[in-house]
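Q: Here is my input, please return the structure:
(chains A and B)
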Amino acid sequence: MKLAWWKILTIILLVYVLVMGLVGEVPRQAILNETVRNLYFHVTMWFGMVLFLLISLVHSIAYLRSGKIESDDRAVEYVNTGILFGLIGFVTGALWGKYTWGSALPKDPKILSAAIAMLAYFAYLILRGAFEDEQKRARISSVYNIFAFVIFNVLIFILPRMTDTLHPGQGGNPGFNIYDNDNVMKPVFYPAIIAWMLLGVWITTLRIRLKSVERLLNEH
Amino acid sequence: MKAWKQIPAVLLLTLVSTLHALAQGSQIEMADRLREDGKIWVVVGVIVLIFIGIAIYLVLLDRKVARLEKQVKQDRDGSVIK
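A: Next up, the predicted model:
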């Protein structure tokens, strides 16, 4: 294994989050009760997704500037991981909502926006499928990636805050603080964000390395 | 509405909800029983075990890729694997 400090950190942090996520102290909230612990799991998935899509964007732009196919490989793998985390976020959100809001899919602006935002990235993958030529595929999908990222952020961050939504963040504030009176959750929440992000990066780097090896093998 | 104009409303809301919560005391149901019995540690144990299993799998996968990389590198001396 390509040993790295951050891989070990990932495992340590995740064990910490999993343990503290269950036994740690959380504020007592009506409606949410114990499910507020999902802050460390459902919410962090989305944070992770945003990071991976951002990294993907960076690589797409790098490809457009350099023409190196490796950049495009990285871009697509980070989109893959981003979509994975997004799907998990979506499903876990549905489960959470079912038992707290009473519905797995309420008419909520943020949920709808998130679904559309994810569609934008499904479209990225489908777009890639339309091209045989590697360089053409990379170029077109890199340009599309930029557009998708902008749309994604507008949908997930800007639009839901302009309107009423079930999600915390009505009318303008991110709103996690109303759930965390004494800041008891922050010592687990912040490491959780980092831990899940690191995990996603680890998985993605594995896929990228595998792709590199495949490329080298195919050159024979 | 300007952000600072919302401050009084937010303060009022915080005050009211805090008072409400204080009035309820520990009446908001939580899984206290599960914690008192110590059974929560069973749940923790299960989840940590699952995760350790996944982590081991990830490590093994990482090793496999590293081995492949080394092999390909050896076969094509001088190629750069990023």
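Q: Can you confirm whether stretch A:18-28 lies near chain B?
A: Yes - applying C-beta under 8 Å from any C-beta of the partner chain, one finds stretch A:18-28 in contact with chain B at A:18, A:19, A:22, A:23, A:28. (Each C-beta comes from the backbone N, C-alpha and C, glycine too.)
Q: average pLDDT for the helix or strand where residue A:135 lies?
A: Assignment of secondary structure by DSSP states H and E places residue A:135 within helix A:134-153. In this model, helix A:134-153 has a mean pLDDT of 96.
Q: Show me which of the residues of stretch A:18-28 next to chain B is closest to residue B:56.
A: Closest approach to residue B:56 among these (C-beta to C-beta): residue A:18, at 15.0 Å.
Q: in the helix or strand harbouring that closest one, what counts as buried?
A: Per DSSP H and E, residue A:18 falls inside helix A:5-23. By neighbour count with 16 or more other C-beta atoms under 10 Å in any protein chain shown, helix A:5-23 contains the buried residues A:7, A:10-11, A:13-22.
Q: next one: stretch A:65-80
A: Applying 16+ other C-beta under 10 Å to stretch A:65-80 flags A:70, A:71, A:72, A:73, A:74, A:75, A:76, A:77, A:78, A:79, A:80 as buried.
Q: same check, this time on stretch A:43-54
A: Residues of stretch A:43-54 classed as buried: A:43, A:44, A:45, A:46, A:47, A:48, A:49, A:50, A:51, A:52, A:53 (neighbour count, 16+ other C-beta under 10 Å).
Q: now check that stretch, is it near chain B?
A: No - using C-beta under 8 Å from any C-beta, we find that stretch A:43-54 stays clear of chain B, coming within 14.4 Å at best.
Q: about what we covered before: check the buried residues of stretch A:65-80 against chain B, which are close?
A: Filtering the buried residues of stretch A:65-80 for proximity to chain B by C-beta under 8 Å from any C-beta leaves residue A:70.
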